[in-house]
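Peer 1: show me how the following folds:
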Amino acid sequence: MRGRILLTGWFTFRDGEATAGDVLALDRVRAVLDRERLPYDVVWSPGFRADALHLDDVRPEDYTHLVFVCGPLHGPQVEDLHRRFAHCARIAVGTSVIDPDSRAVTGFHQVLARDAPGAEPSLDLAARAPAPPARPVAGVILTHGQHEYGGQRRHAEVAEAVTGWLSGRDCARLELETRLDSHDWRLCATAAQFEAVLARLDLVVTDRLHGLVLALRAGTPALAIDPVAGGAKVTAQARACGWPALLPADRLDGDGLGRWWQWCLGEGRERARHIAAGFRSADGADVLPDALRVAAAG
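Peer 2: Numbering: from 1, shown residues only. The predicted structure follows:
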């Protein structure tokens, strides 16, 4: 194969979408082309990667081959590729064929389908994509309530700063809610279910008291932010737990978040496990029995 190859898919179209499976399938194709030392470009949807190469930027005459990766072969967007790149050899790989007679399918010179009517299915390309380095998984527990703090509330500012900062981190983000609900499948129905999630995370980012406490109870480090100006219950609880990874709302910035993020993923892991072990031990004062005895005596 000579000339330059253009790699496309549903992740290319302006109104398309990029899924994890599609991108991993693309990574598999790229790995094969890199191994064979074949030059190529990838064209992305501007809604997904604004700073990448887009269809509107491409000169069709610069390419001899067009490869469509993954997804179903149907619709006017795929058909338009055939018209625009009519001079190219066009190949579809790892795709689903719904109607073999549609113009979206017949426009390709070769279709290496993963599934098609009357044909044996083949393994999806994503299954054999190169394994990427592990990324941290961060649970995100934020509150937009706590109106009892009145003018001291900085919850909206904290949420905007934290989520904006997190969007630039190379990590998997999992939005969590401490509220339990036995009817909403999206929420945990029991505290034990919620703790099972926390125990499987690398860290928790939270501005909630119980986000902090329950993360540490699970042995998971927490990057805590107090959303109340001057500090309130999150600060008090971090002190009670002996947990240092805390930022006040009025000194929240990327440097501080980054510093404690790295600490949580490093030595903070052992600190969190140590605190969790202390929670589970019988040591330490428990004031409730004494308080009950005093109440009963009174």
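
Peer 1: which parts of this protein are helices?
Peer 2: Taking DSSP state H as the criterion, the chain contains helices spanning 20-35, 76-84, 103-106, 155-166, 191-198, 209-217, 233-241, 254-265, 267-280, 287-297.

Peer 1: reformat the ones you listed as TSV; add mean neighbour count.
Peer 2: In this view, the C-beta of every residue, glycine as well, is placed from N, C-alpha and C. Compiled in TSV, those are given as follows (neighbours: other C-beta atoms under 10 Å):
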stretch	mean neighbour count
helix 20-35	17
helix 76-84	16
helix 103-106	18
helix 155-166	16
helix 191-198	15
helix 209-217	23
helix 233-241	17
helix 254-265	16
helix 267-280	15
helix 287-297	8
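
Peer 1: turn those into TSV, including mean pLDDT and distance to P227.
Peer 2: TSV is the format used below for these (pLDDT from 0 to 100; distance: least, C-beta to C-beta, whole Å):
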stretch	mean pLDDT	distance to P227
helix 20-35	97	32
helix 76-84	97	44
helix 103-106	97	51
helix 155-166	94	4
helix 191-198	98	20
helix 209-217	97	10
helix 233-241	96	7
helix 254-265	97	14
helix 267-280	96	21
helix 287-297	65	28
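
Peer 1: export these to TSV and tack on distance to D181?
Peer 2: Converted to TSV, those look like this (distance: least, C-beta to C-beta, whole Å):
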stretch	distance to D181
helix 20-35	27
helix 76-84	40
helix 103-106	43
helix 155-166	21
helix 191-198	11
helix 209-217	16
helix 233-241	24
helix 254-265	29
helix 267-280	26
helix 287-297	28
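
Peer 1: which of those sits closest to S122?
Peer 2: Between S122 and the helices of the chain, the shortest separation by C-beta to C-beta is 11.9 Å, and it involves helix 20-35.

Peer 1: got the contact list for A126?
Peer 2: With contacts defined as C-beta atoms under 8 Å, 6 or more residues apart in numbering, the neighbours of A126 are 20-22, 24-25, 28, 70.

Peer 1: can I get those in JSON lines with distance to A126?
Peer 2: Shown next, in JSON lines, are those (distance: C-beta to C-beta, whole Å):
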{"residue": "A20", "distance to A126": "8"}
{"residue": "G21", "distance to A126": "5"}
{"residue": "D22", "distance to A126": "8"}
{"residue": "L24", "distance to A126": "4"}
{"residue": "A25", "distance to A126": "5"}
{"residue": "R28", "distance to A126": "7"}
{"residue": "C70", "distance to A126": "7"}
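
Peer 1: report the two of those residues separated the most.
Peer 2: The most widely separated members of the contacts of A126 are A20 and R28, with 12.9 Å between them, by C-beta to C-beta.

Peer 1: do you know how far D181 is from C188?
Peer 2: As for D181, its distance to C188 is 8 Å (criterion: C-beta to C-beta, to the nearest Å).
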